[in-house]
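Visitor: could you work out the structure for the sequence below:
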Amino acid sequence: MARILVADKISDAGVGILTEAGLEVDVKTGLSEDELAAVAGEYDGIVVRSATTITRRVMDGAPRLRLVGRAGVGVDNIDVGAATEKGVIVMNTPLGNTTSAAEHAVAMMLSLARNIPAADATMKSGGWDKKKFTGVELAEKCLGIVGLGKIGSIVARAAQALSMRVVVFDPFLNPKRAEELGVSLSDLDGLLAEADFVTIHVPLNDSTRGLIGADQFRRMKPTARLVNCARGGVVDEEALAEALSERRIAGAAFDVFAAEPLPPDSPLRKLPGIVLTPHLGASTAEAQEKVAEDLARQFVDYFARGEIRNPVNLAVILKPNVAPFAGLAESLGRFVSQLAGGGITRVEVGCYGEIGRSAEDAHVVSVLALQGVLGDRVDERVNLVNVSLIAESRGIELNERRADRARTYRNVVSVRTIAEGRERTVAGTLYEGTGARIVEIDGFDIDVRPAPWMLLATYPDRPGVVGRFGTILGEARINIGGMAVGRHEKAGQALLAITVDEPVPDNVLGNLRRAVDGGDVWRIRLG
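Guide: Coordinates of the predicted model:
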């Protein structure tokens, strides 16, 4: 019988699910790290919420520990790296608070539109000022949704029920799926210019950090209102404060902040026209009950049947022969997704050579590649369990191809995207002893090692272009780590792949694009 330690307070229903399944459960909350490390070795699984931290030291003293679960989304209080090294599976519950988070965003939008918090404060201080708190209707207004994942989709349905017109910026929502959902697609600038209300539902990562800043506020209507119940850091709070104080936008409602708790001296606390809540998106009785019940059922599935649901470190169970291809496949997916842009309708993954002999192995590689395609652009954590469902929800089809022979190499993995009639393809292989290589990009043969930061350029093959690239990067003090050129014929179209030691700023990217008249330049991040 597996023993489970419940180290944080969860609902009685969650504990009941564990005990009814025959698991031995101890509830010991409020343990210090010393106390937890002293008892962790007695348990096969540990349940936490946000209060208890599972450190490497705790796991060092727990050789029988197989599973740590967080009743919630974030796993910042779990040392996932240490867990992975030790073969401990880490699970979370990404869907339990979806409805609560979406409802909070809608509530914030309504409160903002009708000035409810300020009116309530005036009433409680003895006032009665109807004219001061005249609001606006939501009906017939345009709602711009940045990120249409599960939470954004619920907000969209609620807005449509309120007779709002919904415009969406989501690079991975294709036109067919948008039509099915009754929403219009736009780029970010177009959305900001058109929307009366903007609500954000994206994860915080390198591509979304500071997504809404001073330039974006200048594109918004002076009557527009911004809601952020997603992640702190997506909006530049200094730029927000300036936009509100200078009345460039009409209002804002925020539940999340770059630093939490929000510092007492934050200028946001003193500004009119802003509604603030202390990260309450998941703070409903139903959400807390659901995440506890969801996690308890996941524990039962694992200890009773070996089923793994919602893991955050699934790489620990990849088969040894497939594991070396995991990084390659995901890197190829991330690479080609940045070339493809938005509106992807189909992803085709080919496994050729030894990796293509087994349909099961080829499928794992295909899903890993799909994970790379989707990973940076959705508001859910993408893993081998949920990636297919996420793709399906966005109208993206996965096609798999395999053969037991590969041209030139022992093994080749290719990833092709189809987006609004455009095709992009990247292929790679593993060199024995030296790791992954990209060996083909859009039909050009090439040989370049994937790196955290890369540049890709197409250009008319003529003398001096490659040299201008080196000069521009050198003047910007950006070091080149590697370079490879591919072409089909002399004086035709050519392709240049460069690895660099640091990110290339926008102004340098613009200079590079001007240097390849008749071509294009992409900045690729794989790290």
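Visitor: which SS class is residue 325?
Guide: The three-state assignment at residue 325 reads helix, by DSSP: H, G, I helix; E, B strand; the rest coil.
Visitor: what about the longest helix in this protein?
Guide: Counting residues, the longest helix found in the chain (DSSP state H) is helix 285-305.
Visitor: need the residues that contact it.
Guide: Helix 285-305 is contacted by residues 2, 4, 10-11, 13-18, 21-23, 44-45, 47, 66-67, 69-72, 89, 91-93, 95-97, 99-101, 282, 307-310 when judged by CB atoms under 8 Å, 6 or more residues apart in numbering. Yep, even glycine has a C-beta here, placed from its N, CA and C like the rest.
Visitor: give the buried residues for that helix.
Guide: If you call a residue buried by 16 or more other CB atoms under 10 Å, then helix 285-305 has these buried ones: 287-300, 302-303.
Visitor: kindly report the same for stretch 74-83.
Guide: Quick answer for stretch 74-83 (16+ other CB under 10 Å): 75, 77-79, 82-83.
Visitor: residue 495: which of the buried residues of helix 285-305 is nearest?
Guide: residue 298 (45.8 Å; CB to CB).
Visitor: ok, so of the buried residues of helix 285-305, who is nearest residue 169?
Guide: Taking those together and measuring to residue 169 by CB to CB, the closest member is residue 287, at 26.7 Å.
Visitor: would you map the strands across the stretch 101-250 of the chain?
Guide: Applying DSSP state E, counting those that start in this stretch to the stretch 101-250 of the chain gives strands spanning 142-146, 165-169, 184-185, 197-200, 225-228.
Visitor: now swap in the stretch 401-527 of the chain and tell me
Guide: Using DSSP E, counting those that start in this stretch, strands in the stretch 401-527 of the chain cover 411-419, 422-431, 435-441, 444-448, 453-460, 480-487, 493-500, 520-525.
Visitor: outside of the third one, which residues touch it?
Guide: Where contact means CB under 8 Å, 6+ apart, the residues beyond strand 435-441 that reach it are 327-328, 331-332, 335, 408-409, 412, 414, 425-431, 445-450, 456, 486, 495, 497.
Visitor: before we move on, what about the longest one?
Guide: Residues from elsewhere that reach strand 422-431 (CB under 8 Å, 6+ apart): 324-325, 328, 331-332, 335-336, 339-340, 350, 406, 409-417, 436-443, 450.
Visitor: then that strand to PDB, C-alphas only?
Guide: Taking Å, rounded to 0.1, in the frame of the first residue of the first chain, the C-alpha atoms of strand 422-431 are listed here in PDB:
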ATOM      1  CA  ARG A 422       2.500  28.400 -46.700                       C
ATOM      2  CA  GLU A 423       4.800  25.500 -46.000                       C
ATOM      3  CA  ARG A 424       8.000  25.600 -43.900                       C
ATOM      4  CA  THR A 425      10.200  22.600 -43.300                       C
ATOM      5  CA  VAL A 426      13.200  21.900 -41.000                       C
ATOM      6  CA  ALA A 427      15.000  18.600 -40.700                       C
ATOM      7  CA  GLY A 428      17.700  17.400 -38.400                       C
ATOM      8  CA  THR A 429      19.800  14.500 -37.300                       C
ATOM      9  CA  LEU A 430      22.000  13.300 -34.500                       C
ATOM     10  CA  TYR A 431      25.700  13.000 -35.100                       C
END
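Visitor: returning to what we had before: give me the buried subset of the contacts of strand 422-431.
Guide: 325, 328, 331-332, 335-336, 339-340, 350, 406, 409, 411-417, 436-442, 450.
Visitor: buried among the contacts of helix 285-305? Make that a PyMOL selection.
Guide: In PyMOL, this line selects whichever of these come out buried by 16+ other CB under 10 Å:
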select buried, resi 2+4+10+11+14+15+17+18+21+23+44+45+47+66+67+69+70+71+72+89+91+92+93+95+96+97+99+100+101+282+308+310
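Visitor: out of the contacts of helix 285-305, name the ones that lie in strands.
Guide: The strands, defined by DSSP state E, take in 4, 45, 47, 67, 69-70, 89, 91 from the contacts of helix 285-305.
Visitor: ok, now which ones touch residue 98?
Guide: 150-151, 154.
Visitor: could you do residue 210 as well?
Guide: Here residue 210 is in contact with 233-236 (CB under 8 Å, 6+ apart).
Visitor: residue 213 now?
Guide: Counted by CB under 8 Å, 6+ apart, residue 213 has contacts 235-236, 239.
Visitor: residue 243 and residue 217 touch, don't they?
Guide: Yes - counting by CB atoms under 8 Å, residue 217 is a contact partner of residue 243 at 4.0 Å.
Visitor: so those two - more neighbours on which side?
Guide: Counting neighbours by other CB atoms under 10 Å for residue 243 and for residue 217 shows that residue 243 has the greater number, 27 against 22.
Visitor: gap between the more buried one and residue 218?
Guide: Taking CB to CB, to the nearest Å as the measure, residue 243 falls 8 Å from residue 218.
Visitor: how about residue 247?
Guide: If you go by CB to CB, the gap between residue 247 and residue 218 works out to 13 Å.
Visitor: now swap in residue 50 and tell me
Guide: 37 Å.
Visitor: quick revisit: reformat the contacts of residue 213 as JSON lines; add pLDDT and distance to residue 143.
Guide: Converted to JSON lines, the contacts of residue 213 look like this (pLDDT from 0 to 100; distance: CB to CB, whole Å):
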{"residue": "235", "pLDDT": "97", "distance to residue 143": "17"}
{"residue": "236", "pLDDT": "97", "distance to residue 143": "22"}
{"residue": "239", "pLDDT": "97", "distance to residue 143": "22"}
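Visitor: neighbour-wise, which one of those leads?
Guide: residue 235 (28 neighbours).
Visitor: what's around residue 165, how many residues?
Guide: Neighbours of residue 165 using other CB under 10 Å come to 18.
Visitor: now do it, the pLDDT please.
Guide: On the pLDDT scale, residue 165 is placed at 98.
Visitor: bridging residues for it?
Guide: When assigned by DSSP bridges, residue 165 has beta-bridge partners residue 142.
Visitor: my guess is residue 100 meets residue 281, correct?
Guide: Yes - taking CB under 8 Å as the definition, residue 100 is a contact partner of residue 281 at 6.5 Å.
Visitor: show me the contacts for the closest residue to residue 97 other than its chain neighbours.
Guide: Spatially, and ignoring its direct neighbours in sequence, residue 97 is nearest to residue 282 (3.6 Å; CB to CB, 6 or more residues apart in numbering). The contact partners of residue 282, by CB under 8 Å, 6+ apart, come to 72-73, 96-97, 100-101, 288, 291.
Visitor: adding pLDDT, write those residues out as CSV.
Guide: Listed next are the contacts of residue 282 as CSV, based on pLDDT from 0 to 100:
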residue, pLDDT
72, 85
73, 79
96, 86
97, 86
100, 94
101, 92
288, 89
291, 94
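Visitor: isn't residue 453 right up against residue 500?
Guide: Yes - counting by CB under 8 Å, residue 453 does reach residue 500; the two are 5.0 Å apart.
Visitor: more neighbours: the two, which one.
Guide: Between residue 453 and residue 500, counting by other CB under 10 Å, residue 500 is the more crowded of the two (22 against 18).
Visitor: residue contacts, that one?
Guide: By CB under 8 Å, 6+ apart, the neighbours of residue 500 are 451, 453-455, 473, 478-481.
Visitor: separate out the buried members of the residues you listed.
Guide: For those, buried by 16+ other CB under 10 Å: 451, 453-455, 473, 478.
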